[in-house]
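# Turn this into a structure:
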Amino acid sequence: MSTPIRIGMLLYPGLTQLDLTGPHELLSRIPGAAVDLIWKARGPVQADSGLSILATETMAACAPLDVIMVPGGLGQMALMDDAETLDFLRRHAEHARYVTSVCTGSLLLGAAGLLRGYRAATHWMYMDLLPAYGAIAVAERVVVDRNRITGGGVTAGIDFGLRVLAELCGERFAQTAQLVLEYDPHPPYDCGHPRSAAPDLVDEARATAAARLARRAAQAQP
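Numbers count the residues shown, from 1 in each chain. The predicted model follows:
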């Protein structure tokens, strides 16, 4: 009997739940996979939207992982100098087959020193911060560089999940999952990225997030 794939997804207060739940919906479909949501203690953890999600494993007790995944969200900023979280990421990244993130989770990987010399993606608003962590910023929906797989902002987590699924189980398996989930997006507006959005809409979004951008930029300073 083959050893099941062990997937650990970091779950922390203030994460953006879709960063985690989009990929989880896909990766949990791997036959026999063990998928844990990991935090410092088991129990409910509240996302930045107010939704509570149950942590199933602790950092201290977590067994070695094949895939480690870090979502983004407002709470990511509080973890950028959190020794327990950074040590957890470094320890498991050393032996994981894939070290991955969605949205600003890549900044947390960067803070742990895990993106130096790697091509990586993040939310479009924070792309300019990646080089401060030694990463090569790439404005793509999903970026694969060796065993690092990083996704763009929030909804890119579904595309990310499909790519990780293909890496682990093959493209046919990932294609079937996409079909079963009816992932056939046709958004009502063509403004999901600055390349297609009206400039004034981009300015408004940046203004709304100005405080977060300033804090993340300060954290990225040497």
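# list the contacts for the closest residue to residue 95 other than its chain neighbours?
Excluding its sequence neighbours, the residue lying closest to residue 95 (C-beta to C-beta, 6 or more residues apart in numbering) is residue 64, at 5.7 Å. C-betas here are computed from N, CA, C, even on glycine. Going by C-beta atoms under 8 Å, 6 or more residues apart in numbering, residue 64 touches 6, 92, 95-96.
# Now list the buried members of those residues.
By neighbour count, with 16 or more other C-beta atoms under 10 Å, these hold 6, 92, 96 as buried.
# So which of the residues you listed are in strands?
Among these, the members falling in strands (DSSP state E) are residue 6.
# between the buried ones among the contacts of residue 64, which is closest to residue 137?
Distance to residue 137, by C-beta to C-beta, is smallest for residue 96 among the buried ones among the contacts of residue 64, at 22.6 Å.
# my read: the closest one touches residue 63, true?
No: the pair residue 96 / residue 63 is not scored as a contact, 11.7 Å apart, by C-beta atoms under 8 Å.
# Look at residue 1 and report its pLDDT.
The confidence metric pLDDT takes the value 46 at residue 1.
# just the one 10 residues further on next, same as before
In the predicted model, residue 11 carries a pLDDT score of 98.
# so where does the residue nearest to it when sequence neighbours are not counted fall, helix or strand?
Distances taken as C-beta to C-beta, 6+ apart place residue 37 nearest to residue 11, at 4.2 Å, with adjacent residues excluded. According to DSSP states H and E, residue 37 maps onto strand 34-39.
# Could you tell me which strands that strand is paired with, and in which direction each runs?
strand 6-10 (parallel), strand 57-58 (parallel) (DSSP bridges).
# For residue 27, find the nearest of those strands.
That would be strand 6-10 among those, by C-beta to C-beta, at 5.4 Å.
# For the helix or strand following the closest one, name the packing helices and strands.
Note on strand 6-10: by DSSP H and E, the next helix or strand toward the C-terminus is helix 17-27. The contact analysis (3 or more C-beta pairs under 8 Å, 6 or more residues apart in numbering; DSSP states H and E) places helix 17-27 against strand 6-10, strand 34-39, strand 52-55, strand 67-70, strand 98-102, helix 156-169.
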